[in-house]
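1. Show me the folded form of this:
(one chain, ligands or ions: 1)
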Amino acid sequence: MNWDDTAPPTDTDADGRLVGAAADGEDQAVEAALRPKSLAEFVGQERVREQLDLVLKAARQRGATADHVLLSGAPGLGKTTLSMIIAAEMEAPIRITSGPAIQHAGDLAAILSSLQEGEVLFLDEIHRMSRPAEEMLYMAMEDFRVDVIVGKGPGATAIPLELPPFTLVGATTRAGLLPPPLRDRFGFTAHMEFYEPGELERVIHRSADLLDVTIDPDGAAEIAGRSRGTPRISNRLLRRVRDYAQVKADGAITRDIAAAALKVYEVDKRGLDRLDRAVLAALLKLFGGGPVGLSTLSVAVGEERETVEEVAEPFLVREGLLARTPRGRVATPAAWAHLGLVPPQGAGPGGNGQQDLFGA
Ligand SMILES: Nc1ncnc2c1ncn2[C@@H]1O[C@H](COP(=O)(O)OP(=O)(O)OP(=O)(O)O)[C@@H](O)[C@H]1O
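-> I've put the predicted structure just below:
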(Lines give C-alpha, C1' and ligand atoms only; values in the text may rest on other atoms or scores of the structure.)
Protein backbone atom coordinates (compact mmCIF):
# COMPACT_ATOMS: atom_id res chain seq x y z
CA MET A 1 0.00 0.00 0.00
CA ASN A 2 1.14 3.46 -0.80
CA TRP A 3 -0.16 6.40 1.25
CA ASP A 4 0.07 9.82 -0.30
CA ASP A 5 1.21 11.64 2.81
CA THR A 6 1.33 15.01 1.10
CA ALA A 7 -2.42 15.17 1.70
CA PRO A 8 -3.38 18.23 3.75
CA PRO A 9 -5.80 17.88 6.65
CA THR A 10 -9.30 17.24 5.31
CA ASP A 11 -12.79 17.47 6.69
CA THR A 12 -12.50 13.87 7.80
CA ASP A 13 -10.20 15.07 10.58
CA ALA A 14 -11.30 14.61 14.18
CA ASP A 15 -14.24 16.66 15.33
CA GLY A 16 -13.17 16.06 18.90
CA ARG A 17 -16.26 14.11 20.00
CA LEU A 18 -16.41 10.56 21.25
CA VAL A 19 -19.47 10.00 19.06
CA GLY A 20 -18.17 12.02 16.08
CA ALA A 21 -17.99 9.93 12.91
CA ALA A 22 -14.74 11.47 11.59
CA ALA A 23 -11.50 9.67 12.41
CA ASP A 24 -9.28 11.08 15.14
CA GLY A 25 -5.58 10.40 15.63
CA GLU A 26 -6.13 7.40 17.85
CA ASP A 27 -8.64 5.92 15.40
CA GLN A 28 -6.12 6.20 12.60
CA ALA A 29 -3.53 4.36 14.65
CA VAL A 30 -5.75 1.42 15.58
CA GLU A 31 -8.05 1.25 12.56
CA ALA A 32 -5.48 -0.53 10.45
CA ALA A 33 -5.52 -3.41 12.92
CA LEU A 34 -9.32 -3.55 13.05
CA ARG A 35 -10.08 -3.34 9.34
CA PRO A 36 -11.62 -6.45 7.78
CA LYS A 37 -9.27 -7.76 5.08
CA SER A 38 -11.76 -9.57 2.83
CA LEU A 39 -15.38 -9.21 1.67
CA ALA A 40 -16.26 -12.28 3.74
CA GLU A 41 -15.01 -10.54 6.91
CA PHE A 42 -16.78 -7.26 6.11
CA VAL A 43 -19.88 -7.06 8.31
CA GLY A 44 -23.28 -5.91 6.98
CA GLN A 45 -23.99 -3.94 3.76
CA GLU A 46 -25.22 -7.25 2.29
CA ARG A 47 -26.36 -5.89 -1.06
CA VAL A 48 -23.18 -3.86 -1.65
CA ARG A 49 -21.07 -6.87 -0.73
CA GLU A 50 -22.98 -9.22 -3.00
CA GLN A 51 -22.86 -6.83 -5.97
CA LEU A 52 -19.20 -6.00 -5.46
CA ASP A 53 -18.35 -9.67 -5.14
CA LEU A 54 -19.86 -10.26 -8.60
CA VAL A 55 -18.05 -7.30 -10.14
CA LEU A 56 -14.69 -8.45 -8.76
CA LYS A 57 -15.16 -12.16 -9.53
CA ALA A 58 -16.18 -11.39 -13.12
CA ALA A 59 -13.14 -9.15 -13.62
CA ARG A 60 -10.86 -11.81 -12.15
CA GLN A 61 -12.32 -14.49 -14.42
CA ARG A 62 -11.73 -12.28 -17.45
CA GLY A 63 -8.23 -11.49 -16.26
CA ALA A 64 -9.20 -7.82 -16.51
CA THR A 65 -8.91 -4.81 -14.25
CA ALA A 66 -12.11 -4.20 -12.25
CA ASP A 67 -14.46 -1.39 -13.27
CA HIS A 68 -14.22 1.95 -11.48
CA VAL A 69 -16.21 1.96 -8.22
CA LEU A 70 -17.94 4.88 -6.50
CA LEU A 71 -18.72 4.49 -2.78
CA SER A 72 -20.96 7.04 -1.13
CA GLY A 73 -22.08 7.30 2.47
CA ALA A 74 -21.47 9.00 5.80
CA PRO A 75 -18.01 8.99 7.43
CA GLY A 76 -16.94 5.86 9.30
CA LEU A 77 -19.17 3.38 7.44
CA GLY A 78 -16.29 1.52 5.80
CA LYS A 79 -15.49 3.20 2.47
CA THR A 80 -11.70 3.14 2.98
CA THR A 81 -11.95 -0.42 4.28
CA LEU A 82 -13.89 -1.53 1.19
CA SER A 83 -11.36 0.08 -1.14
CA MET A 84 -8.59 -1.90 0.54
CA ILE A 85 -10.67 -5.05 0.26
CA ILE A 86 -11.17 -4.41 -3.47
CA ALA A 87 -7.39 -4.23 -3.90
CA ALA A 88 -6.84 -7.33 -1.77
CA GLU A 89 -9.49 -9.34 -3.65
CA MET A 90 -7.93 -8.28 -6.98
CA GLU A 91 -4.46 -9.01 -5.55
CA ALA A 92 -3.51 -5.52 -6.67
CA PRO A 93 -1.53 -2.78 -4.93
CA ILE A 94 -3.42 0.29 -3.68
CA ARG A 95 -2.58 3.97 -3.68
CA ILE A 96 -4.53 6.21 -1.31
CA THR A 97 -5.08 9.92 -1.76
CA SER A 98 -7.88 12.45 -1.41
CA GLY A 99 -9.62 15.15 -3.45
CA PRO A 100 -8.29 18.08 -1.41
CA ALA A 101 -4.71 16.81 -1.91
CA ILE A 102 -5.11 17.19 -5.66
CA GLN A 103 -5.20 20.90 -6.29
CA HIS A 104 -3.65 20.94 -9.76
CA ALA A 105 -4.15 18.70 -12.76
CA GLY A 106 -0.37 18.13 -12.65
CA ASP A 107 -0.70 16.53 -9.16
CA LEU A 108 -3.15 14.03 -10.61
CA ALA A 109 -1.04 13.41 -13.73
CA ALA A 110 1.93 12.58 -11.49
CA ILE A 111 -0.09 10.04 -9.51
CA LEU A 112 -1.76 8.48 -12.56
CA SER A 113 1.43 8.13 -14.53
CA SER A 114 3.14 6.28 -11.69
CA LEU A 115 0.37 3.67 -11.24
CA GLN A 116 1.16 0.04 -11.95
CA GLU A 117 -1.05 -2.05 -14.20
CA GLY A 118 -4.20 -3.10 -12.30
CA GLU A 119 -3.44 -0.84 -9.32
CA VAL A 120 -6.35 0.50 -7.25
CA LEU A 121 -6.37 4.27 -6.82
CA PHE A 122 -8.48 5.26 -3.81
CA LEU A 123 -9.61 8.86 -4.05
CA ASP A 124 -11.32 9.88 -0.83
CA GLU A 125 -13.54 12.98 -0.82
CA ILE A 126 -13.57 12.91 -4.59
CA HIS A 127 -16.15 15.74 -4.60
CA ARG A 128 -13.44 18.11 -3.30
CA MET A 129 -11.07 17.76 -6.24
CA SER A 130 -10.22 20.87 -8.26
CA ARG A 131 -12.08 21.36 -11.55
CA PRO A 132 -9.05 20.95 -13.89
CA ALA A 133 -8.05 17.73 -12.08
CA GLU A 134 -11.61 16.48 -12.38
CA GLU A 135 -11.59 17.06 -16.13
CA MET A 136 -8.30 15.21 -16.48
CA LEU A 137 -9.81 12.33 -14.54
CA TYR A 138 -12.68 11.96 -17.06
CA MET A 139 -10.27 11.02 -19.82
CA ALA A 140 -8.07 8.91 -17.56
CA MET A 141 -11.06 6.85 -16.41
CA GLU A 142 -12.48 6.34 -19.86
CA ASP A 143 -9.50 6.02 -22.17
CA PHE A 144 -6.60 5.41 -19.73
CA ARG A 145 -4.90 8.43 -21.20
CA VAL A 146 -4.16 11.99 -20.06
CA ASP A 147 -3.04 15.07 -21.94
CA VAL A 148 -0.18 16.74 -20.14
CA ILE A 149 0.00 20.43 -21.00
CA VAL A 150 3.53 21.69 -21.46
CA GLY A 151 4.21 25.42 -21.57
CA LYS A 152 1.82 28.34 -21.21
CA GLY A 153 -0.27 30.62 -23.43
CA PRO A 154 -0.34 30.24 -27.22
CA GLY A 155 2.79 28.07 -27.21
CA ALA A 156 1.29 25.46 -24.85
CA THR A 157 1.17 21.93 -26.24
CA ALA A 158 -0.76 18.89 -25.09
CA ILE A 159 1.35 15.76 -24.90
CA PRO A 160 -0.76 12.59 -24.72
CA LEU A 161 0.36 10.09 -22.10
CA GLU A 162 -0.85 6.49 -22.10
CA LEU A 163 -1.75 5.07 -18.68
CA PRO A 164 -1.83 1.45 -17.56
CA PRO A 165 -5.36 0.17 -16.85
CA PHE A 166 -6.26 0.89 -13.22
CA THR A 167 -9.34 0.81 -10.99
CA LEU A 168 -10.44 4.11 -9.50
CA VAL A 169 -12.33 3.78 -6.22
CA GLY A 170 -13.89 7.15 -5.45
CA ALA A 171 -15.41 7.84 -2.05
CA THR A 172 -17.73 10.67 -1.16
CA THR A 173 -20.01 11.70 1.65
CA ARG A 174 -21.89 13.90 -0.84
CA ALA A 175 -22.74 11.92 -4.00
CA GLY A 176 -25.10 14.70 -5.05
CA LEU A 177 -22.17 17.11 -5.41
CA LEU A 178 -20.45 15.02 -8.08
CA PRO A 179 -20.88 16.35 -11.62
CA PRO A 180 -22.89 13.87 -13.72
CA PRO A 181 -20.04 13.29 -16.25
CA LEU A 182 -17.86 12.06 -13.39
CA ARG A 183 -20.61 9.96 -11.79
CA ASP A 184 -21.40 8.34 -15.14
CA ARG A 185 -17.86 7.09 -15.59
CA PHE A 186 -18.10 4.70 -12.64
CA GLY A 187 -19.10 1.20 -13.70
CA PHE A 188 -20.37 0.37 -10.22
CA THR A 189 -21.87 2.73 -7.66
CA ALA A 190 -22.72 1.71 -4.11
CA HIS A 191 -24.44 3.66 -1.40
CA MET A 192 -23.44 2.60 2.11
CA GLU A 193 -26.21 2.67 4.72
CA PHE A 194 -25.98 3.12 8.47
CA TYR A 195 -25.62 -0.24 10.24
CA GLU A 196 -28.29 -2.06 12.22
CA PRO A 197 -27.55 -2.66 15.94
CA GLY A 198 -27.15 -6.43 15.31
CA GLU A 199 -24.49 -5.73 12.66
CA LEU A 200 -22.65 -3.38 15.00
CA GLU A 201 -22.70 -6.08 17.68
CA ARG A 202 -20.85 -8.33 15.20
CA VAL A 203 -18.34 -5.54 14.49
CA ILE A 204 -17.81 -5.11 18.25
CA HIS A 205 -17.31 -8.83 18.93
CA ARG A 206 -14.84 -9.03 16.04
CA SER A 207 -12.88 -5.99 17.27
CA ALA A 208 -12.94 -7.25 20.88
CA ASP A 209 -11.37 -10.52 19.68
CA LEU A 210 -8.66 -8.64 17.81
CA LEU A 211 -7.99 -6.41 20.83
CA ASP A 212 -8.07 -9.42 23.15
CA VAL A 213 -10.91 -8.01 25.24
CA THR A 214 -13.56 -10.18 26.91
CA ILE A 215 -17.09 -8.96 26.19
CA ASP A 216 -20.44 -10.67 26.65
CA PRO A 217 -23.37 -10.32 24.21
CA ASP A 218 -25.21 -7.84 26.45
CA GLY A 219 -22.10 -5.67 26.74
CA ALA A 220 -21.76 -5.63 22.94
CA ALA A 221 -25.47 -4.78 22.56
CA GLU A 222 -25.12 -1.89 24.99
CA ILE A 223 -22.24 -0.38 23.01
CA ALA A 224 -23.91 -1.06 19.65
CA GLY A 225 -27.07 0.80 20.71
CA ARG A 226 -25.04 3.93 21.41
CA SER A 227 -22.91 3.82 18.24
CA ARG A 228 -25.13 5.90 15.94
CA GLY A 229 -25.17 3.22 13.24
CA THR A 230 -21.43 3.68 12.60
CA PRO A 231 -18.69 1.02 13.00
CA ARG A 232 -15.99 3.62 13.64
CA ILE A 233 -17.97 4.88 16.66
CA SER A 234 -18.53 1.29 17.87
CA ASN A 235 -14.80 0.64 17.79
CA ARG A 236 -14.03 3.91 19.58
CA LEU A 237 -16.63 3.33 22.32
CA LEU A 238 -15.33 -0.22 22.73
CA ARG A 239 -11.84 1.13 23.45
CA ARG A 240 -13.14 3.59 26.04
CA VAL A 241 -15.26 0.91 27.72
CA ARG A 242 -12.24 -1.41 27.72
CA ASP A 243 -10.27 1.25 29.66
CA TYR A 244 -13.06 1.49 32.22
CA ALA A 245 -13.38 -2.28 32.58
CA GLN A 246 -9.63 -2.57 33.11
CA VAL A 247 -9.38 0.20 35.72
CA LYS A 248 -12.66 -0.27 37.59
CA ALA A 249 -13.34 -4.00 37.20
CA ASP A 250 -11.66 -7.21 36.10
CA GLY A 251 -11.33 -6.19 32.46
CA ALA A 252 -14.39 -8.06 31.19
CA ILE A 253 -17.15 -6.01 29.54
CA THR A 254 -20.74 -6.66 30.60
CA ARG A 255 -23.87 -4.57 30.08
CA ASP A 256 -23.43 -2.87 33.47
CA ILE A 257 -19.78 -2.08 32.84
CA ALA A 258 -20.55 -0.67 29.38
CA ALA A 259 -23.40 1.47 30.71
CA ALA A 260 -21.32 2.77 33.63
CA ALA A 261 -18.36 3.57 31.37
CA LEU A 262 -20.47 5.41 28.81
CA LYS A 263 -22.14 7.37 31.59
CA VAL A 264 -18.68 8.66 32.54
CA TYR A 265 -18.16 9.66 28.88
CA GLU A 266 -21.67 11.19 28.75
CA VAL A 267 -22.86 9.08 25.82
CA ASP A 268 -26.47 8.23 26.59
CA LYS A 269 -28.60 5.19 25.70
CA ARG A 270 -29.47 6.60 22.27
CA GLY A 271 -25.91 7.67 21.47
CA LEU A 272 -26.44 11.37 22.18
CA ASP A 273 -23.57 13.26 23.79
CA ARG A 274 -23.50 16.43 25.86
CA LEU A 275 -23.76 18.78 22.87
CA ASP A 276 -26.74 16.91 21.40
CA ARG A 277 -28.55 16.98 24.73
CA ALA A 278 -27.72 20.66 25.29
CA VAL A 279 -29.35 21.53 21.95
CA LEU A 280 -32.44 19.48 22.78
CA ALA A 281 -32.65 20.81 26.32
CA ALA A 282 -32.47 24.44 25.13
CA LEU A 283 -35.10 23.78 22.48
CA LEU A 284 -37.46 22.18 25.00
CA LYS A 285 -36.84 24.14 28.18
CA LEU A 286 -36.22 27.63 26.82
CA PHE A 287 -38.38 27.64 23.71
CA GLY A 288 -41.17 25.23 24.61
CA GLY A 289 -40.11 22.86 21.82
CA GLY A 290 -39.93 25.57 19.10
CA PRO A 291 -40.17 26.64 16.41
CA VAL A 292 -37.03 28.65 17.05
CA GLY A 293 -34.44 30.01 14.61
CA LEU A 294 -31.04 28.35 14.34
CA SER A 295 -29.19 31.53 15.40
CA THR A 296 -31.25 31.94 18.57
CA LEU A 297 -30.88 28.27 19.43
CA SER A 298 -27.10 28.47 18.92
CA VAL A 299 -26.76 31.51 21.18
CA ALA A 300 -28.80 29.72 23.84
CA VAL A 301 -26.46 26.73 23.70
CA GLY A 302 -23.34 28.92 23.56
CA GLU A 303 -22.09 27.30 20.34
CA GLU A 304 -21.42 28.51 16.81
CA ARG A 305 -24.31 28.24 14.36
CA GLU A 306 -22.26 25.84 12.22
CA THR A 307 -21.56 23.56 15.19
CA VAL A 308 -25.23 23.22 15.99
CA GLU A 309 -26.25 22.85 12.36
CA GLU A 310 -23.52 20.52 11.13
CA VAL A 311 -22.36 18.64 14.24
CA ALA A 312 -25.43 18.20 16.44
CA GLU A 313 -28.48 18.47 14.23
CA PRO A 314 -27.93 15.77 11.57
CA PHE A 315 -28.06 12.98 14.13
CA LEU A 316 -30.97 14.56 16.04
CA VAL A 317 -32.92 14.79 12.78
CA ARG A 318 -31.98 11.22 11.82
CA GLU A 319 -33.17 10.01 15.23
CA GLY A 320 -36.50 11.82 14.80
CA LEU A 321 -35.85 14.07 17.80
CA LEU A 322 -35.71 17.40 15.96
CA ALA A 323 -37.24 18.71 12.74
CA ARG A 324 -35.97 21.54 10.58
CA THR A 325 -39.01 23.46 9.35
CA PRO A 326 -39.32 26.73 7.38
CA ARG A 327 -40.38 28.41 10.65
CA GLY A 328 -37.42 27.11 12.64
CA ARG A 329 -36.29 24.12 14.66
CA VAL A 330 -39.04 22.05 16.28
CA ALA A 331 -38.76 19.26 18.84
CA THR A 332 -40.70 16.06 18.22
CA PRO A 333 -42.67 14.17 20.92
CA ALA A 334 -39.74 11.72 21.04
CA ALA A 335 -37.44 14.56 22.16
CA TRP A 336 -39.69 15.37 25.14
CA ALA A 337 -39.82 11.71 26.02
CA HIS A 338 -36.05 11.28 25.70
CA LEU A 339 -35.28 14.07 28.15
CA GLY A 340 -38.17 13.00 30.40
CA LEU A 341 -40.00 16.31 30.07
CA VAL A 342 -43.68 17.09 29.59
CA PRO A 343 -44.71 19.20 26.58
CA PRO A 344 -46.38 22.55 27.54
CA GLN A 345 -49.98 21.36 26.98
CA GLY A 346 -49.26 18.42 29.19
CA ALA A 347 -50.31 16.07 26.39
CA GLY A 348 -48.11 13.47 24.82
CA PRO A 349 -45.29 11.40 26.22
CA GLY A 350 -42.89 12.66 28.82
CA GLY A 351 -42.27 12.66 32.53
CA ASN A 352 -40.72 14.71 35.26
CA GLY A 353 -37.28 15.35 33.76
CA GLN A 354 -35.78 12.66 35.96
CA GLN A 355 -35.22 10.23 33.08
CA ASP A 356 -32.25 7.89 33.49
CA LEU A 357 -30.56 8.64 30.17
CA PHE A 358 -27.54 6.47 30.76
CA GLY A 359 -29.05 3.25 32.05
CA ALA A 360 -26.12 2.81 34.43
N1 LIG B 1 -18.44 -3.46 7.61
C2 LIG B 1 -17.50 -3.36 8.54
N3 LIG B 1 -17.14 -4.42 9.27
C4 LIG B 1 -16.21 -4.31 10.24
N5 LIG B 1 -15.56 -3.17 10.55
C6 LIG B 1 -15.85 -2.08 9.84
C7 LIG B 1 -16.83 -2.12 8.80
N8 LIG B 1 -16.93 -0.89 8.26
C9 LIG B 1 -16.05 -0.12 8.92
N10 LIG B 1 -15.42 -0.82 9.87
C11 LIG B 1 -14.42 -0.29 10.80
O12 LIG B 1 -14.71 1.09 11.03
C13 LIG B 1 -13.55 1.88 10.92
C14 LIG B 1 -13.79 3.00 9.94
O15 LIG B 1 -13.92 2.50 8.64
P16 LIG B 1 -13.40 3.30 7.35
O17 LIG B 1 -12.16 4.06 7.67
O18 LIG B 1 -13.34 2.33 6.24
O19 LIG B 1 -14.59 4.31 7.13
P20 LIG B 1 -14.77 5.41 5.99
O21 LIG B 1 -16.18 5.27 5.51
O22 LIG B 1 -13.71 5.31 4.97
O23 LIG B 1 -14.63 6.75 6.80
P24 LIG B 1 -14.15 8.21 6.24
O25 LIG B 1 -15.27 8.66 5.35
O26 LIG B 1 -14.05 9.02 7.51
O27 LIG B 1 -12.85 8.04 5.54
C28 LIG B 1 -12.40 0.92 10.55
O29 LIG B 1 -11.65 0.67 11.70
C30 LIG B 1 -13.07 -0.36 10.14
O31 LIG B 1 -12.36 -1.43 10.71
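2. quick one, domains of the chain?
-> 2-191, 197-264, 274-338 (automatic domain parsing).
3. per-residue confidence averaged over the shortest one?
-> The predicted model assigns domain 274-338 a mean pLDDT of 93.
4. gap between the two ends of it?
-> 14 Å (Cα to Cα, to the nearest Å).
5. sorry, back to before: how about the domains of the chain in JSON lines, adding distance to the ligand and mean neighbour count?
-> Heads up, the C-betas are built off the backbone N, CA and C, glycines and all. Shown next, in JSON lines, are those (distance: least, Cβ to the nearest ligand atom, whole Å; neighbours: other Cβ atoms under 10 Å):
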{"stretch": "domain 2-191", "distance to the ligand": "3", "mean neighbour count": "17"}
{"stretch": "domain 197-264", "distance to the ligand": "4", "mean neighbour count": "20"}
{"stretch": "domain 274-338", "distance to the ligand": "14", "mean neighbour count": "18"}
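6. Would you reformat those as a markdown table and include distance to L357?
-> Converted to a markdown table, these look like this (distance: least, Cβ to Cβ, whole Å):
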| stretch | distance to L357 |
| --- | --- |
| domain 2-191 | 14 |
| domain 197-264 | 9 |
| domain 274-338 | 7 |
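7. Quickly, which of those domains bottoms out on average pLDDT?
-> Minimum mean pLDDT among the domains of the chain: domain 2-191, a mean of 87.
8. chain center to that domain, what's the gap?
-> Here domain 2-191 is found 15 Å from its chain centre; the criterion is Cα atoms, centre = their mean, to the nearest Å.
9. Please apply the same query to stretch 237-251.
-> On Cα atoms, centre = their mean, the centre of stretch 237-251 falls 25 Å from that of its chain.
10. cool, stretch 321-331 as well?
-> The chain centroid and the centroid of stretch 321-331 are separated by 25 Å, computed with Cα atoms, centre = their mean.
11. Can you show me the strands along the stretch 1-150 of the chain?
-> Counting by DSSP state E, counting those that start in this stretch, the stretch 1-150 of the chain has strands at residues 2-3, 69-72, 94-98, 120-124, 145-150.
12. for the ones you listed, which one sits closest to S234?
-> With Cβ to Cβ as the criterion, S234 lies closest to strand 69-72 of the strands of the stretch 1-150 of the chain, at 19.3 Å.
13. which other helices and strands contact that closest one?
-> Helices and strands in packing contact with strand 69-72 are listed as helix 79-89, strand 167-172, strand 188-191; criterion 3 or more Cβ pairs under 8 Å, 6 or more residues apart in numbering; DSSP states H and E.
14. Looking at these, which is nearest to D216?
-> So among the helices and strands packed on strand 69-72, helix 79-89 is nearest, using Cβ to Cβ, at 26.1 Å.
15. So what touches stretch 256-276?
-> Outside of stretch 256-276, the residues within contact range by Cβ atoms under 8 Å, 6 or more residues apart in numbering are 17-19, 219, 222-223, 225-228, 233, 237, 240-241, 243-245, 248-249, 277, 280, 301, 303, 307, 311-312, 315-316, 319, 338, 357-360.
16. Among those residues, which lie within strands?
-> Judged by DSSP state E, the subset of these located in strands is empty.
17. related to what we said a few turns ago, could you dump the helices and strands packed on strand 69-72 to TSV with distance to K152?
-> Conversion of the helices and strands packed on strand 69-72 to TSV gives the following (distance: least, Cβ to Cβ, whole Å):
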stretch	distance to K152
helix 79-89	36
strand 167-172	29
strand 188-191	37
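18. Which one of the ones you listed lies nearest to E31?
-> helix 79-89 (8.2 Å).
19. Packing partners of the closest one?
-> helix 46-62, strand 69-72, strand 94-98, strand 120-124, strand 167-172.
20. Other residues contacting stretch 137-148?
-> Against stretch 137-148 from outside (Cβ under 8 Å, 6+ apart): 68, 106, 108-109, 112-113, 129, 136, 158-166, 168, 181-182, 185-186.
21. same thing but 6 Å
-> Residues from elsewhere that reach stretch 137-148 (Cβ atoms under 6 Å, 6 or more residues apart in numbering): 68, 109, 112, 136, 158-163, 165, 168, 181, 185.
22. quick one: contacts for F42?
-> P36.
23. How about A133?
-> So A133 contacts I102, A105, L108 (Cβ under 6 Å, 6+ apart).
24. now swap in T65 and tell me
-> G118, P165, T167.
25. Specify the beta-bridge partners of the last one.
-> For T167, the beta-bridge partners are V120 (DSSP bridges).
26. My guess is G99 contacts R128. True?
-> Yes: in this structure, G99 is within contact of R128 by Cβ atoms under 6 Å, at 3.6 Å.
27. G290 and G328: what is the separation?
-> 6 Å (Cβ to Cβ, to the nearest Å).
28. do P164 as well
-> From P164 to G328 the distance is 55 Å (Cβ to Cβ).
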